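**Q** below are the sequence and a predicted model for it; my questions follow.
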Amino acid sequence: MPVQYRDYRHIAIGDYQAVVVGSGFAGSVVARQLAEQGGMRVLIIEKRPHIGGNMYDEVDEAGILVHRYGPHIFHTNNREVFEYLLRFSEFIPYQHRVLANWYGTYLPVPFNKTSLEIAFGMKRALTLNDKLVDAFGEGRKVTINELRSQNDSELSEIADFVYRNVFLYYTQKQWGLTPDEVDPSVTARVPVSISRDDRYFQDAYQGMPKDGYTALFENLLDHENIDVCLNIEAESVFDLEFESMAEDAKISSIKLHDMPFEGPLVYTGPLDELFLSRFGRLPYRSLDFVYETFDAERVLPCGTVNYTVTEDFTRITEFKHMTGQKCANTTIMKEYPREYNDPKTQIPYYAIINDENNAHYERYRALTSHLPNFYPIGRLAEYRYYNMDTIIELALATARAILDRQ
Ligand code: FAD
Ligand code: UDP
């Protein structure tokens, strides 16, 4: 049985025990669990013309399976999460590798022993590597901030090099901020590695869904208790009632089709958009993706090349490395970071996490925090920088919490 798509105008809201906004991993996993474990009828409202959120992939005109919202590589240390996904798709093994294009020379990223040798030459790299091993230990991973805080001239030399040649310009492009200005957790995602391990992720379980993410989502949402309405924005069909006219007044009820909805309401979109940005828009970064097809089997040496010192785009991804697709041509994608200004034409990809923006988010969160049936989860609704596996873990926990309350 395929996914059951419905026209929102013709649904009877009384038929559903739960409503989910968004069909990325956050929304789809909760929907599946409520439908399967709780026997609940679930309605998913999705504003894009397809399911799968940012994981959506499709075959392009050249016949290449491409990701439409940025390259997505699955990796996790959580066995339960990986086993859960295996119910909906086989996975092919894939270990992501990234090279920085450093003025035409390739440097492995995360910066590791091999990068040290390329940057400093074999002889000097030997001394510097000894210094790193003495200071931190063989095999350790050290964030750029930790490395920069060391009071040693040789460690500072390495730190300065990595800061200037790997982090500075890439971060300025990506965030419009320097590495010192972004939350430390952002650059900590890509620590310097005192080893030869050149994999981008070291998690125990890594891979790509055999037939792509969209096929995985089709299986995830293929359940008799789940209906999906595409091209519907929650804010256009949610009728919010407030306790008073005050700007900070909390929601008293959420109506759909003129009826207060009492069942669980799982919301995975940006929280400010639900309130028509009444306290001002939450800051996000967006991206433009530019694709190019070549008459060649492969054009890059690995899945992604980062441009850390030149170019306006941050990285180029060649999908065939990740998907294992075999054919005579290939498609690559460049990512151009953008300010997020217009919800009508842009997608908010990255929350810009800092104290001020977190407080701004909490102001929106306070409007719903008292509602026992409202569950904001996901990268957007929680204003967090989550990977797919964390989202799935949170969605499984949210579904359990909802079912425990029934
Ligand atoms: P989303 O996937 O964004 O889904 C939210 C859904 O809600 C969307 O379909 C959206 O259209 C819908 N929606 C939003 N607002 C409304 C509304 N008002 N009404 C109706 N529908 C609405 N993670 C990894 O683990 N590995 C990676 O390699 C990786 N690469 C990434 C690359 C990029 C460029 C980006 C931006 C993210 C990457 N991620 C990666 C993170 C991953 O995309 C997120 O963890 C994941 O998308 C979170 O799932 P979600 O359901 O919370 O959000
Ligand atoms: N980063 C960088 N240079 C790189 C790779 C990463 O400066 O070559 C920084 C940059 O600030 C980026 C962050 O580290 O936003 C996290 O990188 P990651 O690859 O995890 O970003 P994502 O894949 O989530 O966009």
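**A** Structure's in. What do you need? Ligands and ions are numbered 1, 2, ... in the order given.
**Q** quick one: the one residue in the stretch 151-300 of the chain that gets nearest to ligand 1 from residue 236, how far?
**A** The minimum distance from the stretch 151-300 of the chain to ligand 1, using Cβ to the nearest ligand atom, falls at residue 269 (2.3 Å). (C-beta placed from N, C-alpha, C; glycine too.) Distance check for residue 269 against residue 236: by Cβ to Cβ, to the nearest Å, it reads 12 Å.
**Q** what's the answer for residue 122, then?
**A** 62 Å.
**Q** list the contacts of the residue of the stretch 151-300 of the chain closest to ligand 1.
**A** 21, 22, 47, 234, 380, 381 (Cβ atoms under 8 Å, 6 or more residues apart in numbering).
**Q** the helices in the stretch 201-350 of the chain, which residues?
**A** 213-220, 234-237, 271-274, 319-323 (DSSP state H, counting those that start in this stretch).
**Q** check what pLDDT the residue of the stretch 251-400 of the chain found nearest ligand 2 gets.
**A** In the stretch 251-400 of the chain, the residue that lies nearest ligand 2 is residue 306 (3.9 Å; Cβ to the nearest ligand atom). We have a pLDDT of 98 for residue 306.
**Q** let me know whether it touches residue 314 as I believe.
**A** Yes. In this structure, residue 306 is within contact of residue 314 by Cβ atoms under 8 Å, at 6.6 Å.
**Q** what touches both of these two?
**A** Counting by Cβ under 8 Å, 6+ apart, the residues touching both residue 306 and residue 314 are residue 170.
**Q** and stretch 358-373, what's buried?
**A** 360, 361, 363, 364, 367, 368, 373 (16 or more other Cβ atoms under 10 Å).
**Q** neighbours around the closest residue to the first one other than its chain neighbours, how many?
**A** Okay, so that is residue 360. In space, residue 360 comes closest to residue 282 once its chain neighbours are excluded; the distance is 6.0 Å by Cβ to Cβ, 6 or more residues apart in numbering. Applying other Cβ atoms under 10 Å, we find 22 residues neighbouring residue 282.
**Q** residue 394 now?
**A** Number of residues near residue 394 (other Cβ under 10 Å) recorded here: 19.
**Q** what's the answer for the one 5 residues further on, then?
**A** Other residues near residue 399 number 26, with proximity taken as other Cβ under 10 Å.
**Q** near ligand 2, which residues of the stretch 301-406 of the chain? Just list them.
**A** 306, 308 (Cβ under 6 Å from any ligand atom).
**Q** tell me the residues of the stretch 301-406 of the chain that contact ligand 1?
**A** 349, 378, 379, 380, 386, 387, 388, 389, 391.
**Q** sorry, back to before: who does the residue of the stretch 251-400 of the chain closest to ligand 2 bridge with?
**A** residue 100, residue 315 (DSSP bridges).
**Q** which ones are touching it?
**A** 98, 99, 100, 101, 109, 170, 314, 315.
**Q** of those, buried ones?
**A** Buried among those (16+ other Cβ under 10 Å): 98, 99, 100, 101, 109, 170, 314, 315.
**Q** quick check, nearest of the residues you listed to ligand 2?
**A** Nearest to ligand 2 among those, with distances taken as Cβ to the nearest ligand atom, is residue 170, at 3.5 Å.
**Q** count the residues that sit near the closest residue to the closest one other than its chain neighbours.
**A** Of all residues not flanking residue 170 in the chain, residue 308 sits nearest, at 4.6 Å (Cβ to Cβ, 6+ apart). Residues near residue 308, counting by other Cβ under 10 Å, number 24.
**Q** OK, contacts around residue 308?
**A** Residue 308 touches 100, 101, 102, 107, 109, 165, 166, 167, 169, 170, counting by Cβ under 8 Å, 6+ apart.
**Q** how about the strands in the stretch 101-250 of the chain?
**A** 105-109, 141-142, 192-193, 205-209, 226-229, 239-242 (DSSP state E, counting those that start in this stretch).
**Q** tell me which of those sits nearest to residue 6.
**A** Residue 6 lies closest to strand 226-229 among the strands of the stretch 101-250 of the chain, at 4.6 Å (Cβ to Cβ).
**Q** quick one: contacts for the residue nearest to residue 323 when sequence neighbours are not counted?
**A** Leaving out its chain neighbours, the residue that sits closest to residue 323 by Cβ to Cβ, 6+ apart is residue 65, at 5.0 Å. Applying Cβ under 8 Å, 6+ apart, one finds that residue 65 lies in contact with 57, 58, 59, 212, 319, 323, 325.
**Q** how close does residue 65 get to residue 156?
**A** 45 Å.
**Q** and the chain, which residues reach ligand 2?
**A** So the chain meets ligand 2 at 100, 109, 166-167, 170-171, 174, 182, 186-187, 189-190, 306, 308 (Cβ under 6 Å from any ligand atom).
**Q** quick one: which of those sit in helices?
**A** 170, 171, 174, 186, 187 (DSSP state H).
**Q** export those to TSV and tack on pLDDT?
**A** TSV is the format used below for these (pLDDT from 0 to 100):
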residue	pLDDT
170	98
171	98
174	98
186	97
187	97
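**Q** now the buried members of those residues.
**A** 170, 171, 174, 186, 187.
**Q** what kind of secondary structure is the residue lying closest to the fourth one once chain neighbours are set aside in?
**A** Distance criterion Cβ to Cβ, 6+ apart; nearest residue to residue 186, sequence neighbours excluded, is residue 385 at 6.9 Å. Per DSSP: H, G, I helix; E, B strand; the rest coil, the secondary structure class of residue 385 is coil.
**Q** list the contacts for residue 385?
**A** Residue 385 neighbours (Cβ under 8 Å, 6+ apart): 185, 186, 350, 351, 353, 379.
**Q** CSV for those, including distance to residue 29?
**A** As requested, the contacts of residue 385 are exported to CSV (distance: Cβ to Cβ, whole Å):
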residue, distance to residue 29
185, 24
186, 25
350, 21
351, 20
353, 23
379, 13
